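Sequence first, then the predicted structure, then my questions.
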Amino acid sequence: MKKFSLIALSVLLAVALVAGGLAAYAWHWASRAVEMNAERIQYTVPAGSGVRTIAQVMKDAGIDVNADGLVALARYTGMDRQIKAGAYEARRGDSPRRLLERMAAGDMVQARLTLVEGWTYQRIRQALRESPAVRQTLDGVDDAELLKRLGSQYPSPEGLFMPDTYVFVPGTTDFDILRQAYRAQQDFLQEQWEQRSAGLPLATPYEALILASIVEKETGRTEERARVAGVFTNRLQRGMLLQTDPTVIYGMGEKYDGRIRKRDLQTDTPWNTYTRAGLPPTPIASPGRASILAALHPESHAYFYFVARGDGSSAFSANLREHNRAVSKYILGRN
């Protein structure tokens, strides 16, 4: 009996030593840096992926992690139930535990895309196509279909997307980014429409968006936006033609070569405000918040004309005689 007890004790001691050794090895493995073929490696965890699938994704990306070990560690720590789908970045020196902790916390990689004030819709689409972080889904989708997907009743996608910097997880679709920008523009426009100045010659928020897009293209100076908007407001109230070159350029489309000629001003298009009264049928660019505010809160003054000085600012005139003098000075170079 005594001999049996010694044998049993020896077996238990051996098992304990083996278990301890395995535990020590497991702790060491979980804390040791994984081998990587680059300093930083990005990878994407698809929705619904198990830990073994994730381990294979990481290995394919160049992160040499042991699948069995990662599965066991994830189950032991409970992190297998916390991992969130998305894009992640592994950094040289990361351990299996650190990799799991990052995925369980949802510490994802983020990309940025800036939509610039004054960009046309086509320029926005170009920026989306050129971003390697954006997943392309809109190739072959025409404007009518895009508007339908957005739930929009507007006749054109022009001007409907808020210029801003958008932060997103790599792999986000082009449509998802456009939808976010569309909602931001609509929310801001509607909110500001409710607070607009009284007596504006604008019947709808969409008309305010159209006017804001003209203001956006006519001046880059924040301090002049409300004054420029005031000129167009005065002209609309008087029933005068807006006669603004950016609308003519927009109507020319690909025919515009960087110069606008007299015949261009005389060639009728739906956007030619030299040949057609009132606002054009759609925005001509993407107006930012400042231009929308200017259109809805124009400066009250007696100006009906303005001309570029050549330094980014404009000279404003109350009548045609003053305007002609300003044109002579700043455009023709006559004193």
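Good, I have the coordinates. Residues are numbered from 1 along each chain as shown.

Only C-alpha atoms from now on, for both contacts and neighbour counts.
Fine.

what's in contact with stretch 132-139?
For stretch 132-139, contacts defined as Cα atoms under 8 Å, 6 or more residues apart in numbering pick out Ala111, Leu128, Arg129, Val169, Pro170, Gly171, Thr172, Thr173, Asp174, Phe175.

cool, stretch 63-75 as well?
Applying Cα under 8 Å, 6+ apart, the set of residues contacting stretch 63-75 is 30, 34-37, 41, 51-52, 55-56, 58-59, 80, 90, 96-97, 100.

Can you select the buried ones among those residues for me in ChimeraX?
Entered in ChimeraX, the line below selects the buried ones among the contacts of stretch 63-75, by 16 or more other Cα atoms under 10 Å:
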select :30,34,36,41,51,52,55,56,58,59,80,90,96,97,100
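
so of the contacts of stretch 63-75, which ones are in strands?
Per DSSP state E, strands hold the following members of those: Glu35, Met36, Ile41, Ala90.

Okay, and the beta partners of the third one?
Right, the one you point to is Ile41. Ala90 (DSSP bridges).

And it, how close does it get to Ala90?
5 Å (Cα to Cα, to the nearest Å).

and if you look at the second one?
The spacing between Met36 and Ala90, counted by Cα to Cα, is 9 Å.

give the contact list for Gln82.
Here Gln82 is in contact with Met103, Ala104, Ala105 (criterion: Cα under 8 Å, 6+ apart).

What about the residues you listed, which are in strands?
Counting by DSSP E, the contacts of Gln82 contribute nothing to strands.

Scan these and report the most crowded one.
Taking other Cα atoms under 10 Å as the neighbour criterion, Met103 ranks highest of the contacts of Gln82 with 21 neighbours.

Could you list the buried residues of stretch 191-205?
Under the neighbour-count rule (16+ other Cα under 10 Å), stretch 191-205 has Gln192, Trp193, Arg196, Leu200, Pro201, Leu202, Pro205 buried.

Let me know the pLDDT of the third one.
For Arg196, the pLDDT comes out at 98.

what kind of secondary structure is it in?
coil (DSSP: H, G, I helix; E, B strand; the rest coil).

Kindly tell me how buried the closest residue to it other than its chain neighbours is, as a neighbour count.
Residue nearest to Arg196 in three dimensions, not counting chain neighbours: Leu296, with 5.0 Å by Cα to Cα, 6 or more residues apart in numbering. By the measure other Cα under 10 Å, the count of residues near Leu296 is 27.

Make sure Leu296 is actually in contact with Ile210.
No - checked against Cα atoms under 8 Å, the pair Leu296 and Ile210 is beyond contact range at 11.2 Å.

of the ones in strands among the contacts of stretch 63-75, closest to Glu158?
Ile41 (37.7 Å; Cα to Cα).

Spit out the contact partners of the closest one.
Residues near Ile41 by Cα under 8 Å, 6+ apart: Ala61, Gly62, Ile63, Glu89, Ala90, Arg91.

again with Glu224
Glu224 neighbours (Cα under 8 Å, 6+ apart): Ser313.

Can you verify it is assigned to a strand?
No - using three-state DSSP, the secondary structure at Glu224 is helix, not a strand.

I'd like to know how far it sits from Thr204.
24 Å.

For the stretch 1-150 of the chain, which residues score under the pLDDT cut-off?
Across the stretch 1-150 of the chain, the ranges flagged by pLDDT under 70 are 1-28.

hmm, 50 instead?
Within the stretch 1-150 of the chain, the segments meeting pLDDT under 50 span 8-9, 11-23.
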